[in-house]
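K.L.:
How does the following fold in three dimensions:
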Amino acid sequence: MKVIWALLKESSSAWFQDNAPSMGAAVTFYAILSLAPVLIVATAIAGLGFGQQVAEAEVFRHLQALVGETSARVLQTAILSANRRVPGVIASTIGVGAMLVGASGAFVELQDALNKIWRVERKSGGFLLHAIRQRFLSFSLVLGTGVLLLLALVAGTALVGAGVSMGHLLPWRVFILESVLSFGVITLLLALIFKLLPDKEIAWHDVWLGAAIASLLFTTGKVLIGLYLSRSVVTSAYGAVSSPLVVLVWIYYSAQILLFGAEMTHVYAKKHGSLLKRRPA
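P.N.:
As a prediction, the model looks like this:
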């Protein structure tokens, strides 16, 4: 426990030294622009296994749990508007390409932030090769988000089916299992981001603790922010802009948690992992 506490303290110090609040603001800006395309792509992939309507309903359910029903409706409207079909093959192709580029924007900005945390410069090979590599990794993570959503749908459906088949005996256990499932999916996604995005070879054993801590903070924050929104006067105070404001605050909080997890992976790598300087025997 002392080791974990020491890692948390040093990670917090590094988080302040790297000016994470400002980096998080930049990530939040690009995340807002990328949010609808990411959700559209992820929902489309998940819809391959369960159908588009089921996938959209599941995404809305998670959004509602995160930011409340009103804000979730605003996001749903934005997604439907962005996903509106346009006639013509050329126009459709351009639309899909623009959507993928937009979906990858937040991951590109996040890569720059992670490179700063890991103290790495751009890999040699020129601007074009670096940009292609950035977009390829970002596309891969967007697609991976969709695959993870599909897996979560499969597991969630199995859990609900088990709860229904066993009647009133399992409701609280199903809730716990669903929470554990959500924690696991978020941890895996964060581990992939921490491992793959930086322009540096990072060992798998360096990323798991930071990913797990960030996932725990994310899950806890989801509950606390949900309670705050249900009891606060933020909606009446800000009127019509309250829904976008709630989404903005939630994305900024998520960005800070993600950056803190990245700082922890770096600190862990220096203290106990692949960057530890071993003393000669």
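K.L.:
tell me the pLDDT at Arg231?
P.N.:
For Arg231, the model assigns a pLDDT of 58.
K.L.:
One more: Glu178?
P.N.:
Listed pLDDT for Glu178 reads 73.
K.L.:
With Gly163 instead?
P.N.:
Looking at Gly163, its pLDDT stands at 54.
K.L.:
likewise the one 4 residues further on?
P.N.:
The predicted local confidence for Gly167 comes out at a pLDDT of 51.
K.L.:
Any regions of the stretch 101-250 of the chain where pLDDT drops low?
P.N.:
Within the stretch 101-250 of the chain, the segments meeting pLDDT under 70 span 101-104, 122-175, 225-243.
K.L.:
Apply 80 and report the result again.
P.N.:
For the stretch 101-250 of the chain, the stretches with pLDDT under 80 are 101-108, 121-179, 181-182, 221-247.
K.L.:
quick one, helices of the stretch 1-150 of the chain?
P.N.:
Assigned by DSSP state H, counting those that start in this stretch, the stretch 1-150 of the chain shows helices spanning 2-17, 20-50, 52-67, 69-82, 89-117, 126-165.
K.L.:
Kindly calculate the angle that the third one makes with helix 20-50.
P.N.:
Going by axes from the mean of the first three to the mean of the last three CA atoms, to 10 degrees, helix 52-67 is angled at 150 degrees with respect to helix 20-50.
K.L.:
start at 14 instead
P.N.:
With the count now opening at 14, the last piece we talked about shows up as helix 65-80.
K.L.:
Now helix 65-80 - C-alpha only, CSV.
P.N.:
Presented in CSV, the C-alpha positions along helix 65-80 are these (Å, rounded to 0.1, in the frame of the first residue of the first chain):
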residue,chain,number,x,y,z
GLN,A,65,-28.1,-0.6,-35.2
GLN,A,66,-31.1,0.2,-33.0
VAL,A,67,-29.9,-2.0,-30.2
ALA,A,68,-26.4,-0.5,-30.3
GLU,A,69,-27.8,3.1,-30.4
ALA,A,70,-30.0,2.4,-27.4
GLU,A,71,-27.0,1.0,-25.5
VAL,A,72,-24.9,4.0,-26.3
PHE,A,73,-27.7,6.3,-25.2
ARG,A,74,-28.1,4.4,-22.0
HIS,A,75,-24.4,4.9,-21.1
LEU,A,76,-24.5,8.6,-22.1
GLN,A,77,-27.6,9.0,-19.9
ALA,A,78,-25.7,7.5,-17.0
LEU,A,79,-22.8,9.8,-17.6
VAL,A,80,-24.3,13.2,-18.2
